[in-house]
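Novice: Take this sequence and fold it.
(chains A, B, C and D)
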2 protein chains.
Amino acid sequence: MAYTIKDVAKRAGVGIATVSRVLNESPNVLPETRARVLAVIDELGYRPNHAARQLVTAKTNAIAIILPFLTRPFFIEVLRGIEAVVANSEYQLIIFNVDSPEQRTRYFNTLPFLGRTDGLLIVSLPLAQPEIKRLQAANLPAVMIDTQVANLPSVVVDNVGGAFKAVEHLISQGHQRIGFVSGQLEPDLGFTVNRDRRRGYEAALTAHHLPLQPEYLRPGFDRRDWGHQAALELLALPESPSAIFAANDDLAFGVIDALRERGLKAGEDIAVVGYDDLEMAQLVGLTTIHQPMEQMGRKGAEVLLAALNEGTRRPTLYTLPVNLIERASSSKLSQA
Amino acid sequence: MAYTIKDVAKRAGVGIATVSRVLNESPNVLPETRARVLAVIDELGYRPNHAARQLVTAKTNAIAIILPFLTRPFFIEVLRGIEAVVANSEYQLIIFNVDSPEQRTRYFNTLPFLGRTDGLLIVSLPLAQPEIKRLQAANLPAVMIDTQVANLPSVVVDNVGGAFKAVEHLISQGHQRIGFVSGQLEPDLGFTVNRDRRRGYEAALTAHHLPLQPEYLRPGFDRRDWGHQAALELLALPESPSAIFAANDDLAFGVIDALRERGLKAGEDIAVVGYDDLEMAQLVGLTTIHQPMEQMGRKGAEVLLAALNEGTRRPTLYTLPVNLIERASSSKLSQA
DNA sequence: AGATGCTCTGGAAGCGTTTCCATGGCTCAT
DNA sequence: ATGAGCCATGGAAACGCTTCCAGAGCATCT
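Specialist: Coordinates of the predicted model:
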């Protein structure tokens, strides 16, 4: 059996309350008493029992991260950012994976983390209002990462600004006719990426006094083959665009495929810019928008820790900037 | 304040011991009593307090996973496998990241997870004997994944067998002169992959009565540029190999680069087989050995859970099979 | 000198469970 | 009928800690 606070107290010739005070860095302990107690603690290799501490303080010293585990590197990067921050705190990190929508519903109905964590970090999962209510009723601070939810602090990425940068880059390369390929603008799950990125696209055109051409807009599906299809449609237009901005890299890959089919090369005949900066983007030489994934994790964790320590729990929205990675697919055209 | 077992007892008109018995599915409770208690639990939305339970049972119901967080998808896949198994148990998963060797040392010296977990899952980190001793002294069951450690159950992948498969595949394609490019055979950290894979390479040659040519062996470094360099050396031999087996995909990419430089194409002029099945391997069309990463996680978690539940703690070695993914880089040669 | 207030300390209560032990009612064999 | 044995149940102890409360020692002020 491991040593308890009583063993330490007896051996140090003090009361258990004093040992506890030393452990909790209470100021009212005589320096020599403190030293003696610390010496005994060290000598015995005593470690306070966690459960007992939790029981009386009603603090778990743990925070949970709930995320969908898609194959995407995105989540690992976010997770890494979170871990880096949490590792330097007194908290430990409990991980919950939510893969299916049913699982998600079950999780937020039963709240299995209740009483096991002091706070929640929810990644990429949009929450419905009743679910938020339940969290707040349980008095469980939560921070959203990569989704925005009213009433809760959220860390998101500037999708509008990113798209703006992408399109502005194309304009600076001399392009005037720029197509936009994206997924659904109003998808079931309430994700707003496609809409936001289109907003950025439009803002950039407007800022540079270029017309918005409805026939250049190709909302469809979040799948590579739609990128392919949409690109073919754009190419078939009487006045086809000289550049294409795809709302994500996967769509962009579809676009590049389609170009190749038509004997065109991205970056030489038509400029292409994507969004996400997947690993493959570098291989293919795709100009794209890189998201600060790790930083999102860090920021989210920091906000949660602040809320836990200082009790600050204002539902602030943190929007992180993104940056353009310039590669071959958007090099300057000879005949822009 | 949340309800306690006393509230439930009072409201159900029973003693707290009976409520506890219902909670813990003790057989000695009258069905109608049980039903009454359950009804009250449901009505109040009562949840047992974790800390109190832990305190008296001395069980944390948590297991920790300790892993280096390299950028490799490998760890995510392993993590996913672990999570899948643990999610279906009563345990929760605590995650500890160990990036640097110093961090590693610190972790295994201070054992910060002590008293916070019932068991440990250690991924890819070779442990020194004193560290193992300390774990066992703390009576903390541990399972190693992707490293083998004496005295502890270990889940590893069959590196010898995988290399055997890779080389046998090349032989079946008609190759007789097969080069082997690898990293250090005796690296500082004690990893044995390179040595094991070379063993498989030799075994396959011997099994098919092919000679072991010392000049075909190119141990060096675990870096892509070494693959490049080694391939050039092999090509410069008077009787250069018609196929190259690289001990990992990254080395194989270096090999392919070198071939291209010499105007040769992998799969047409020289066959190349890698090991790992990185995402890029598919893109490049590299024949390679795929490791069951998620399954390693699953198996490791299962072994640990079994040890926790049944007390079985024999230091068994579990070796998972690997399989060959055939792609263009090893298609049959016209003039083998 | 006595009252006052501060600092340091120890005892004990209490956190919410599980589990040991005792009790009372029953059944069953004698 | 009566004692033995079993089953369902409740009370109380115990888990190891934090913290309230009270007390002892001492300096300071009136």
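Novice: Name the helix or strand for whichever residue of the stretch 201-336 of chain A sits closest to DNA strand C, please.
Specialist: Residue of the stretch 201-336 of chain A nearest DNA strand C, by C-beta to the nearest atom of the strand: residue A:308 (20.3 Å). Placement of C-beta: from N, CA and C, glycine included. Assigned by DSSP states H and E, residue A:308 belongs to helix A:293-310.
Novice: Just after that helix, pick out the following helix or strand.
Specialist: Next element after helix A:293-310 (DSSP H and E): strand A:317-320.
Novice: Contacts for the next helix or strand after that next one, please.
Specialist: With elements assigned by DSSP H and E, the helix or strand that comes after strand A:317-320 is strand A:323-325. Defining contact as C-beta atoms under 8 Å, 6 or more residues apart in numbering or on different chains, one finds that strand A:323-325 is touched by A:165, A:166, A:169, A:277, A:281, A:287, A:288, A:289, A:290.
Novice: Among these, name the ones in strands.
Specialist: A:288, A:289, A:290 (DSSP state E).
Novice: residues in contact with the last one?
Specialist: Going by C-beta under 8 Å, 6+ apart, residue A:290 touches A:276, A:277, A:322, A:323, A:324, A:325.
Novice: With neighbour count added, can I get these in CSV?
Specialist: Listed next are these as CSV, based on neighbours: other C-beta atoms under 10 Å in any protein chain shown:
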residue, neighbour count
A:276, 25
A:277, 22
A:322, 22
A:323, 13
A:324, 17
A:325, 15
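Novice: Closest to residue B:243 out of these?
Specialist: Nearest to residue B:243 among those is residue A:277, at 35.8 Å by C-beta to C-beta.
Novice: pLDDT weak spots in chain A?
Specialist: Scanning chain A for pLDDT under 70 picks out the ranges A:1, A:70-72, A:187-190, A:312-313, A:332-336.
Novice: Against residue A:265, how distant is the residue of it found nearest DNA strand C?
Specialist: Nearest residue of chain A to DNA strand C: residue A:15, at 2.7 Å (C-beta to the nearest atom of the strand). Distance, residue A:15 to residue A:265, using C-beta to C-beta, to the nearest Å: 81 Å.
Novice: ok, back up a step: got the ones in strands among the contacts of strand A:323-325 as TSV, with distance to residue A:202 columns?
Specialist: Output for the ones in strands among the contacts of strand A:323-325, formatted as TSV (distance: C-beta to C-beta, whole Å):
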residue	distance to residue A:202
A:288	19
A:289	16
A:290	22
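Novice: burial of residue A:170, as a residue count?
Specialist: 26 (other C-beta atoms under 10 Å in any protein chain shown).
Novice: can you pull the contacts of it?
Specialist: So residue A:170 contacts A:178, A:243, A:245, A:271, A:273, A:330 (C-beta under 8 Å, 6+ apart).
Novice: Okay, the closest residue in space to it that isn't next to it in sequence and chain B: tell me how far apart.
Specialist: Closest residue to residue A:170 apart from its sequence neighbours, by C-beta to C-beta, 6 or more residues apart in numbering or on different chains: residue A:243 at 4.5 Å. Note on residue A:243: its distance to chain B, by C-beta to the nearest C-beta, to the nearest Å, is 25 Å.
Novice: tell me the contacts of residue A:243?
Specialist: A:170, A:173, A:175, A:177, A:178, A:179, A:270, A:271, A:272, A:273, A:330.
Novice: And residue A:85, by the same measure?
Specialist: A:297, A:298, A:301, A:302, A:305.
Novice: okay, those residues in CSV with neighbour count and distance to residue A:48 next?
Specialist: Output for these, formatted as CSV (neighbours: other C-beta atoms under 10 Å in any protein chain shown; distance: C-beta to C-beta, whole Å):
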residue, neighbour count, distance to residue A:48
A:297, 28, 30
A:298, 21, 29
A:301, 29, 25
A:302, 18, 27
A:305, 21, 21
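Novice: With distance to residue B:7 added, can I get the residues you listed in a markdown table?
Specialist: Shown next, in a markdown table, are the contacts of residue A:85 (distance: C-beta to C-beta, whole Å):
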| residue | distance to residue B:7 |
| --- | --- |
| A:297 | 40 |
| A:298 | 41 |
| A:301 | 36 |
| A:302 | 38 |
| A:305 | 33 |
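Novice: And the residues you listed, which is closest to chain B?
Specialist: Distance to chain B across those (C-beta to the nearest C-beta) is lowest for residue A:297, with 11.7 Å.
Novice: Would you quantify the distance from the nearest residue to that closest one once chain neighbours are set aside to residue B:232?
Specialist: In this structure, residue A:297 finds its nearest non-sequential neighbour in residue A:81, 2.5 Å apart by C-beta to C-beta, 6+ apart. To residue B:232, residue A:81 is 40 Å away according to C-beta to C-beta.
Novice: the more surrounded of those two?
Specialist: residue A:81 (22 against 16).
Novice: Who are the contact partners of that one?
Specialist: A:293, A:294, A:295, A:296, A:297, A:298, A:299, A:300, A:301.
Novice: let's see 10 Å
Specialist: A:145, A:292, A:293, A:294, A:295, A:296, A:297, A:298, A:299, A:300, A:301, A:302 (C-beta atoms under 10 Å, 6 or more residues apart in numbering or on different chains).
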